[in-house]
Structures are given as structure tokens and as C-alpha cells.
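Colleague: Return a 3D structure for these sequence lines:
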Amino acid sequence: MTPTFDLLPMKQLLALFVSLSFFAAGPLAQKGELLFTDDFERSELGEWKTVIPSFAVQNGVLKGWQTRDDHGAVGRVYKPMKDVVVEFKFMLDGSTGFNAVFDDKNHKGSHAGHICRVAFAPKQIRIGDDKEGVMRNDIFEMRKDPAKKREADKRLVGRGSAVNRVVEPKKWHTVRIELLGDTLRVTMDDEPAGELKSPGIAHETKTSLHFTVNGPGVLFDDVRIWAAK
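Modeller: Next up is the predicted model:
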């Protein structure tokens, strides 16, 4: 089972994340070459792969919903990337949140090759450096042992950030994720929604972007990925 930030108890969240109230105005990165675009105007999944059920294209949008008890649904698009600008729209359609995750399938130093992520929860948006944080192999294993958990948490300082933002259900939200060097910045509905500077984010190659959905459903539309410059 791969833990998600959405499922961590509040005490752990307080230990893992440093709250952010603002970040500098203006974009972190500019859009370069368009690497991927999808408006889901079809009935098939296309380039999206259902790694863990279930995902489907319905009524012009991508829908993800959890069908396994031990893990959220995972829908992934494979696209080599490093520094990128990602934009998409989403609506919570029964679920209370989801993760947008960058992975490198060839990286063996973290659980499942996780590099970094943005977690959208009902009242908070969180950013995590997975490569050097909770998914790094040694920390991942330490956190399974109650006797080593405190030491593991010490190693997580600076590897996550959080901003208090209400994510309204049954409403379309627009997200922009900017990933440039060791910095990841998030904007939601044209408002600042978090930033993290951490070494794992600068990992040279991300091979995929995926959404992890816990619960009855999240809808996605107009997914775009540009190389950042």
C-alpha cells in the first residue's frame, strides 16, 4: 500500500509540513514546448493508463474513482519531462481530494519511483518532495516501525509545505503547477496555493504524471503539459 498525504493523521501532517502564507507574485516558469494536451473529447482513455482501477473517459472528461480498499485509483500518462508547467481543471465529484504525482519509473531510491506531488484536500493544499521525503526508501521503511518514526519525522523537515485553502466540491477548479529546478509552485483559481523548494524536486527525469483518487470520484479536464523555460 502506498500512503498518500490525504490519509496521514493531523499530528503527522503538522510534523511534515511547514505552512506557507504567500509567495512571490508572478510566474515561476514560462511555457515552452507543448509536450501533452488532452481535452477528453472521445470515449476511450487514449494515452492514459489505469494503473490501479478505475479511470474512464465519460461525457468529455476523465473520471477517477477508487475501487480497491488498499489504494486509491491511479491514472497515469507517460511523458518524459523535467522542468514543466502543468495545467488542468478538476471537480470533486464525491471524493474529498486527490494527488497529482510526478514519478520516475527508473528511480529505485524511492517507493514506486515517486519524485514529488501536490495533494488536494478539503481545506488544504500540500506539496511534497517524495524523493527525499516520505517515499525515500529508508524513511519509508522507518515510518513502518513505531520505534523509529520520531527519527524518520526529523528527516522530513523541509520536505513538505502546506497552505490552507478550501477546495469546494461540485465546482470546477483550475490548477497550474510549475516545476522548475528544485522548486514546485501551485496556483489554484488564479490564487497562490503553495510553494516548496527541496532537492528531490530537481530530479533530472520525470517519466510520468498521474492522478491518485481516493473515494467515489474526481473529474479532470483540459490537461496540458509544457516544457518550462
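
Colleague: Let's verify the residue of the chain most remote from its centre: helix, strand, or coil?
Modeller: Distance from the centre of the chain peaks at residue 147, with 29.0 Å (C-alpha atoms, centre = their mean). What DSSP: H, G, I helix; E, B strand; the rest coil gives for residue 147 is coil.

Colleague: For the most centrally placed residue in the chain, which non-adjacent residue is closest in space?
Modeller: The chain has residue 100 as the residue nearest its centroid, 2.5 Å off, counting by C-alpha atoms, centre = their mean. Excluding the flanking residues, the one nearest residue 100 by C-beta to C-beta, 6 or more residues apart in numbering is residue 118, at 4.8 Å. Every residue, glycine included, has its C-beta placed from N, CA and C.

Colleague: Would you mind pulling the contact partners of the host helix or strand of the one you found?
Modeller: Assessed by DSSP states H and E, residue 118 sits inside strand 114-121. With contact meaning C-beta atoms under 8 Å, 6 or more residues apart in numbering, strand 114-121 is reached by 2, 4-6, 90, 96-104, 107, 125-131, 135, 167, 175, 177, 179, 184, 186, 194, 196, 198, 200-201, 203, 206.

Colleague: Among the residues you listed, which lie within strands?
Modeller: 90, 97-103, 125-129, 175, 177, 179, 184, 186, 194, 196, 206 (DSSP state E).

Colleague: of those, buried ones?
Modeller: Among the ones in strands among the contacts of strand 114-121, the ones that count as buried by 16 or more other C-beta atoms under 10 Å are 90, 97-103, 125-129, 175, 177, 179, 184, 186, 194, 196, 206.

Colleague: neighbours of residue 229, just the number please.
Modeller: 11 (other C-beta atoms under 10 Å).

Colleague: Residue 168 and residue 91, how far apart?
Modeller: Per C-beta to C-beta, to the nearest Å, residue 168 is found 9 Å from residue 91.

Colleague: quick one: which of the two has more around it?
Modeller: The neighbour comparison of residue 168 against residue 91 (other C-beta under 10 Å) goes to residue 91, with 19 against 12.

Colleague: residues touching the more buried one, list them.
Modeller: Listed by C-beta under 8 Å, 6+ apart, the contact partners of residue 91 are 169, 170, 171, 172, 173, 218, 219.

Colleague: The closest residue to residue 30 other than its chain neighbours: what's it in contact with?
Modeller: Excluding the flanking residues, the one nearest residue 30 by C-beta to C-beta, 6+ apart is residue 229, at 5.1 Å. Residues in contact with residue 229 (C-beta under 8 Å, 6+ apart) are 29, 30, 31, 32, 83.
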